[in-house]
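*Asks:* here's my sequence, what's the structure:
(one chain, ligands or ions: 1)
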Amino acid sequence: MDDKQSLPFEDDKKLKDHKQIGQEMELFFTDEIAPGASFWLPKGMVIFKELEKYIRELTLDAGYLETSTPIMVKSELFKQSGHWEKFGEHNMYNLVLSEENDESKALSYSLKPMNCPESTILYRFRPRSYKELPLRLMEIGRLHRREKSGEVNGLLRVRQLTMDDAHIYAREGQIFDEVSNILDTMVEFYKKLGFEPEFRFATRPETRAGTDEMWDKAEETLSEAIKKKGIQAGDKKGDGAFYGPKIDLHIKDAQKREWQLATVQLDFHMPEAFDLRYINEEGQAQKPVMIHRAIFGSFERFIAILTEHFQGAFPLWLSPVQAQIIPISDKHINYAQKLLGQFKSPGIRVEIDGRAETMQSKIRDAQTQKIPYMIIVGDKEEQSGSISIRTRGGENLANQDMEQFLDKIKQEIAEKV
Ligand SMILES: [Zn+2]
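*Replies:* Down below sits the predicted model:
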C-alpha cells in the first residue's frame, strides 16, 4: 500500500476506517490478546466465505487442484528455500521444540510465512511426468509474519493472514499461456468488483537468490508475456520477489488510494533449490518452472480494503444480510415469517426485524447496517400478497410482486452485480 497518499475528498472526516465499520457492522475486530490477528464475527465470516467460494470457483474451473500444507514445519525448509536468509528469520515465528523433553533432540520449527516451500514438497510427493504439467496447486493457507508492533494496523497489516495462494509447475513453453490465463482471471475478478486494474512489472531486487542468468531468463520471459498479451505495465524496478520477477496488479479505491493486490511471479530459483524434476518425452529429467500467484494476496487485507472502499455497503452477493423484512407492527409478523421462508429457500440471507420499534427506526437501523433491501410489510401488502421494497440508496418500490422480486435478487446475486 502507498501510505503517503492522503484522501482527496473534502468530506474525508465522514469516512470511516475498516476498524470502525467492522465494529459497527459486527464483522471483525482485533483484540490485544492476539496482536496482529483478527477475530471474525458471523457476519464478517459470511464475506470471508463468499470470497473464498468465488476464488474456488474461478480457480477450480481453470484446472487448479486444491491442497493444504502444515502451518508449522521444521525451520530447515526455509533455510533451503532461501527465506530464512532473505526474508529474515526475525520476520518469522520460530520455536525450539524437543521431542519427549530430550534437549539433545531439540529442533527449530517455524510457522510458515508463505506456502511456496511446502508446495514443492507436494510436488515432490512422487516422480512427475511432462504429461502432468502444467500442475496447478492452489492452497488457501494461513500464514504468520512477525510484523513490527508499530506497523500492525487493524486488518490491513497483520501478523496472521490467510492467503489465496497457488503454485503452478510448468514447462518453459507453457509459461505464456499460464501467465496469460492468470492475468485474465485477475482482470475478471477485479472488474466484477468495479475496479479498473493496472499492472506493474517488478524486476530483480538487490538482495536476491539465483544466478544473473536465471534472472535474465525470468525477466525476459515475463516481459515477453506482457508484450504478447498487449497489456500496459508500469515499471517497479528492483521490486521483484527475492526468487523472481513479478507482475503486480494495482487498483485505486473510492478514495483514490492505490493498493497492490494480485501478483504473478516467475521463479527458476525454487525448482533449483529443491531439485524439482519431471520426466520429458525422451525419458530425461527436466526442471519445471514455478509460477506463484495470488488474486487477493490476503483475505484480511483485501476485506479491510473492500470495507473502506464500499464504506460497509458491500455488493449484494457479499452483503452479510441481503434483505431485512420489516413488519410495520406485531400483527404483520406472521406474514413476515411466511416471506422469510420464501426468501430463505433459494439461499438469500434474510432476517426479520421483529422488535417493538417504529418502522422508521427499523429502517434507519437497516440503513446503518447497509442492508441492500428492506422489505416493508403492513396491512396493504398482506391483503394484496405483495411487498414494498426500500433500497439502502433510498429508493422506494411499492406494491411489488414477490416472485418477480425474488427472481431479480437471485439474478443479481448470481451475476455478482
Ligand atoms: Zn509462492
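*Asks:* doesn't Leu161 lie inside a helix?
*Replies:* No. Looking at Leu161 with DSSP: H, G, I helix; E, B strand; the rest coil, it is strand, so not inside a helix.
*Asks:* from the ion, how far off is it?
*Replies:* Leu161 is 14 Å from the ion, where distance means Cβ to the ion, to the nearest Å. From N, CA and C alone the C-beta is placed, and that goes for glycine too.
*Asks:* hang on, that residue packs against Ile303?
*Replies:* No. Leu161 is beyond contact range of Ile303, at 10.9 Å (criterion: Cβ atoms under 8 Å).
*Asks:* which of those two has more residues huddled nearby?
*Replies:* Ile303 (26 against 23; other Cβ atoms under 10 Å).
*Asks:* just give the closest residue to the more buried one, not the sequence neighbours.
*Replies:* Excluding the flanking residues, the one nearest Ile303 by Cβ to Cβ, 6 or more residues apart in numbering is Ile47, at 5.9 Å.
*Asks:* count the neighbours of the one you found for me.
*Replies:* With other Cβ under 10 Å as criterion, Ile47 counts 23.
*Asks:* now do Glu100
*Replies:* Number of residues near Glu100 (other Cβ under 10 Å) recorded here: 5.
*Asks:* I'd assumed it was in a helix, is it?
*Replies:* Yes. Under three-state DSSP, Glu100 sits within a helix.
*Asks:* and the helices in the stretch 151-300 of the chain, which stretches?
*Replies:* Here the stretch 151-300 of the chain has its helices, by DSSP state H, counting those that start in this stretch, at 175-192, 212-229, 269-273, 299-310.
*Asks:* Gln80 is nearest to which of these?
*Replies:* Across these, Gln80 has its closest neighbour in helix 269-273 (5.9 Å, Cβ to Cβ).
*Asks:* look up how far the ion lies from the residue nearest to Trp40 when sequence neighbours are not counted.
*Replies:* Distances taken as Cβ to Cβ, 6+ apart put Phe28 closest to Trp40, at 5.1 Å, once the chain neighbours are dropped. Distance, Phe28 to the ion, using Cβ to the ion: 26 Å.
*Asks:* equivalent analysis for Glu395, please.
*Replies:* Separation of Glu395 from the ion (Cβ to the ion): 45 Å.
*Asks:* what strands line up against the helix-or-strand element of the chain with minimal mean pLDDT, and which way round?
*Replies:* Within the chain, confidence by mean pLDDT, DSSP states H and E is lowest for strand 233-236 among all helices and strands, at a mean of 84. When pairing is defined by DSSP bridges, strand 233-236 lines up against strand 198-202 (parallel).
*Asks:* and the partner strand, how far from the chain's centre?
*Replies:* 19 Å (Cα atoms, centre = their mean, to the nearest Å).
*Asks:* pLDDT value on the closest residue to the ion within the stretch 301-417 of the chain, please?
*Replies:* Residue of the stretch 301-417 of the chain nearest the ion, by Cβ to the ion: Arg301 (16.6 Å). Looking at Arg301, its pLDDT is 96.
*Asks:* just for the stretch 1-150 of the chain, where's the confidence low?
*Replies:* Applying pLDDT under 70 to the stretch 1-150 of the chain flags the ranges 1-13.
*Asks:* tell me, how many residues neighbour the closest residue to the ion within it?
*Replies:* Nearest residue of the stretch 1-150 of the chain to the ion, counting by Cβ to the ion: Cys116, 3.1 Å away. Cys116 has 24 neighbouring residues, counting by other Cβ under 10 Å.
*Asks:* so who does the residue nearest to Trp40 touch?
*Replies:* Counting by Cβ atoms under 8 Å, 6 or more residues apart in numbering, Phe28 makes contact with 22, 38-41, 44, 155, 303.
*Asks:* got the CA coordinates for the top helix by length along the chain in PDB?
*Replies:* Counting by DSSP state H, the longest helix found in the chain is helix 42-61. Provided in PDB are the C-alpha atoms of helix 42-61 (Å, rounded to 0.1, in the frame of the first residue of the first chain):
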ATOM      1  CA  PRO A  42     -20.600 -14.400  12.000                       C
ATOM      2  CA  LYS A  43     -21.400 -11.600   9.600                       C
ATOM      3  CA  GLY A  44     -17.800 -10.900   8.700                       C
ATOM      4  CA  MET A  45     -17.300 -14.600   8.200                       C
ATOM      5  CA  VAL A  46     -20.100 -14.500   5.500                       C
ATOM      6  CA  ILE A  47     -17.900 -12.100   3.500                       C
ATOM      7  CA  PHE A  48     -14.800 -14.200   4.000                       C
ATOM      8  CA  LYS A  49     -16.600 -17.400   2.900                       C
ATOM      9  CA  GLU A  50     -18.200 -15.700  -0.100                       C
ATOM     10  CA  LEU A  51     -14.800 -14.500  -1.300                       C
ATOM     11  CA  GLU A  52     -13.400 -18.000  -0.700                       C
ATOM     12  CA  LYS A  53     -16.200 -19.600  -2.600                       C
ATOM     13  CA  TYR A  54     -15.700 -17.200  -5.600                       C
ATOM     14  CA  ILE A  55     -12.000 -17.800  -5.700                       C
ATOM     15  CA  ARG A  56     -12.500 -21.600  -5.600                       C
ATOM     16  CA  GLU A  57     -15.000 -21.300  -8.500                       C
ATOM     17  CA  LEU A  58     -12.600 -19.200 -10.500                       C
ATOM     18  CA  THR A  59      -9.600 -21.400  -9.900                       C
ATOM     19  CA  LEU A  60     -11.000 -24.900  -9.800                       C
ATOM     20  CA  ASP A  61     -12.800 -24.200 -13.100                       C
END
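*Asks:* what comes up buried for that helix?
*Replies:* Buried residues in helix 42-61, counted by 16 or more other Cβ atoms under 10 Å: 43-44, 46-48, 50-52, 54-55, 58-59.
*Asks:* same question, stretch 106-116
*Replies:* By neighbour count on 16+ other Cβ under 10 Å, the buried set for stretch 106-116 is 109-116.
*Asks:* in strands only, show me those.
*Replies:* The strands, defined by DSSP state E, take in 109-111 from the buried residues of stretch 106-116.
*Asks:* for the stretch 251-400 of the chain, which residue gets nearest to the ion?
*Replies:* Nearest residue of the stretch 251-400 of the chain to the ion: His292, at 3.4 Å (Cβ to the ion).
*Asks:* sorry, back to before: list the contacts of the closest residue to the residue of the stretch 301-417 of the chain closest to the ion other than its chain neighbours.
*Replies:* Using Cβ to Cβ, 6+ apart and skipping residues adjacent in sequence, the residue nearest Arg301 is Leu156, 5.5 Å away. Applying Cβ under 8 Å, 6+ apart to Leu156 gives the contacts 1, 18, 300-301, 304-305.
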